[in-house]
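Trainee: build me a model from this:
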Amino acid sequence: MGIFNKLFGKKEKESLELGLEKTRQGFFSRITKAIAGKSTVDDEVLDNLEEALVSADVGVETTVKIIDRIEKRVAKDKYLNTSELNKILQSEIEDILVEAKEGNSYSFDSPLPTKPFVILVVGVNGVGKTTTIGKLAHNFKNSGKSVLLGAADTFRAAAVDQLTIWSERVGVPIVKQSMGSDPAAVAFDTVQSAVSKQSDIVLIDTAGRLHNKAHLMDELGKIKRVIQKVIPEAPHEVLLVLDGSTGQNAVEQAKHFTAATDVSALAITKLDGTAKGGVVLAIADQFKIPVKFIGVGEKMEDLLVFDKHEFVDSLFS
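Mentor: As a prediction, the model looks like this:
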């Protein structure tokens, strides 16, 4: 099921449904109002539905695409009634997610495409980047994989300290240097250590500054070049972490980072604390980059491998 061919268990499903509760409630209260008192899907229903989708942070472009598709269904079926609208809307939303590019097909449990598998983690400060790295490390370790962390966000002492705390909490080794050290040097040492230790997964944290796109591009480019001196095809994934609770601001961050570096996967955090979960659709649709992980709670187990079908099913359940 899903792009990872991973059985989505009962525990994961419960975490997902609980984490999306605020989005589901907000989403459906708006849709219910959109079709109240109507027996058929007419222009007024479609206008109200469009407003409901935009309000749920699905985004204007993606909303227009969904409404256009529903309009075509209405034109084709002529007498489509509002009771069928949820089913059609669910189908169209799932199609939007399916159209995003597939990426490296790995999950916590599945065999890795290569070892060591190097994941470069990017994102602005405050989105939950370091916490996401800690949760990824925990879940990969629990699946029997050896993990190594690299603290290449040397711009803030707090970032190195926070990642160190996570390494101790999860029980995985970390490569770090003092604040102000060259991030690329830390990344180089991390990958070199991973090769010698035969680590399965390497998670490298990077600085979260976004004040200068050119500087960000230069720094990430340098990190990539030094990593490739050790492993020519690395990094195997550039994972952009976005805070789902910021709605359209997360879309703006995605624009900056996708322009600055070759982002190949997304992790969207803090979906449990927001009614703006529709932003997942906006991001997947606009950037055609696969969402691979979503954060739906505080616990380490609440970082889930993203399954398109289960996500949409939980929105409509």
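Trainee: what about the spatially most central residue of the chain, which SS state?
Mentor: Note on the chain: the residue nearest the mean C-alpha position is Ala267, at 2.2 Å, using C-alpha atoms, centre = their mean. Following DSSP: H, G, I helix; E, B strand; the rest coil, we place Ala267 in the strand state.
Trainee: for it, name its beta-bridge partners.
Mentor: Beta bridges link Ala267 to Val241, Phe293 when assigned by DSSP bridges.
Trainee: am I right that it is in contact with Val241?
Mentor: Yes - assessed by C-beta atoms under 8 Å, Ala267 is found in contact with Val241 at 4.8 Å. Any C-beta I mention is one placed from the backbone N, CA and C, and that applies to glycine too.
Trainee: for the stretch 151-300 of the chain, just list every one of the helices.
Mentor: Using DSSP state H, counting those that start in this stretch, the helices assigned to the stretch 151-300 of the chain run over residues 157-170, 183-197, 213-230, 248-260, 279-287.
Trainee: sorry, back to before: so what's the residue nearest to the centre of the chain up against?
Mentor: With contact taken as C-beta atoms under 8 Å, 6 or more residues apart in numbering, Ala267 is in contact with Thr132, Leu239, Leu240, Val241, Leu242, Val291, Lys292, Phe293, Ile294, Gly295, Leu303.
Trainee: ok, and the closest non-adjacent residue to the last one?
Mentor: Among residues not flanking Leu303 along the chain, Lys135 sits closest, at 3.9 Å (C-beta to C-beta, 6 or more residues apart in numbering).
Trainee: what does the pLDDT read for the one you found?
Mentor: Here, the pLDDT recorded for Lys135 equals 95.
Trainee: burial check on it, number of neighbours?
Mentor: Lys135 has 24 neighbouring residues, counting by other C-beta atoms under 10 Å.
Trainee: residues in contact with it?
Mentor: Going by C-beta under 8 Å, 6+ apart, Lys135 touches Gly295, Met300, Asp302, Leu303.
Trainee: measure the second one to Val118 for me?
Mentor: Between Met300 and Val118 the distance is 22 Å, computed by C-beta to C-beta, to the nearest Å.
Trainee: then the third one?
Mentor: Asp302 is 25 Å from Val118, where distance means C-beta to C-beta.
Trainee: for the protein, name the helix or strand with the lowest mean pLDDT.
Mentor: Ranked by mean pLDDT, DSSP states H and E, the weakest helix or strand in the chain is helix 21-35, scoring a mean of 78.
Trainee: list the buried residues in the helix or strand following it.
Mentor: Counting by DSSP states H and E, the next helix or strand C-terminal to helix 21-35 is helix 43-55. Within helix 43-55, the residues scored as buried using 16 or more other C-beta atoms under 10 Å are Val45, Leu46, Asn48, Leu49, Glu50, Ala52, Leu53, Val54, Ser55.
Trainee: centre of the chain to helix 43-55, how far?
Mentor: 26 Å (C-alpha atoms, centre = their mean, to the nearest Å).
Trainee: okay, angle between that helix and helix 21-35 too, please.
Mentor: Helix 43-55 runs at 160 degrees relative to helix 21-35, counting by axes from the mean of the first three to the mean of the last three C-alpha atoms, to 10 degrees.
Trainee: helix 43-55 vs helix 279-287, what angle?
Mentor: Using the same axes, to 10 degrees: helix 43-55 against helix 279-287 is 90 degrees.
Trainee: can you list contacts of helix 43-55?
Mentor: Defining contact as C-beta under 8 Å, 6+ apart, one finds that helix 43-55 is touched by 26-27, 30-31, 33-35, 38, 60, 62-64, 66-67, 70-71, 74, 82, 85, 89, 278.
Trainee: could you give the number of residues near Lys288?
Mentor: 11.
Trainee: where does the prediction get shaky in this protein?
Mentor: 1-8, 78-80, 82, 101-105, 210-213 (pLDDT under 70).
Trainee: what is the nearest of the contacts of Lys135 to Leu203?
Mentor: Distances from Leu203 to the contacts of Lys135, taken as C-beta to C-beta, are shortest for Leu303 (12.3 Å).
Trainee: around the closest one, how many other residues sit close by?
Mentor: Neighbourhood size, Leu303 [other C-beta under 10 Å]: 24.
Trainee: any idea what it is bridged to?
Mentor: Assigned bridge partners for Leu303, using DSSP bridges, are Gly295.
Trainee: wait, it sits on Gly295?
Mentor: Yes - assessed by C-beta under 8 Å, Leu303 is found in contact with Gly295 at 5.2 Å.
Trainee: mutual contacts of those two, please.
Mentor: Residues touching both Leu303 and Gly295 (C-beta under 8 Å, 6+ apart): Thr132, Lys135, Ala267.
Trainee: could you dump those into JSON lines with distance to Arg225 added?
Mentor: Output for those, formatted as JSON lines (distance: C-beta to C-beta, whole Å):
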{"residue": "Thr132", "distance to Arg225": "25"}
{"residue": "Lys135", "distance to Arg225": "29"}
{"residue": "Ala267", "distance to Arg225": "24"}
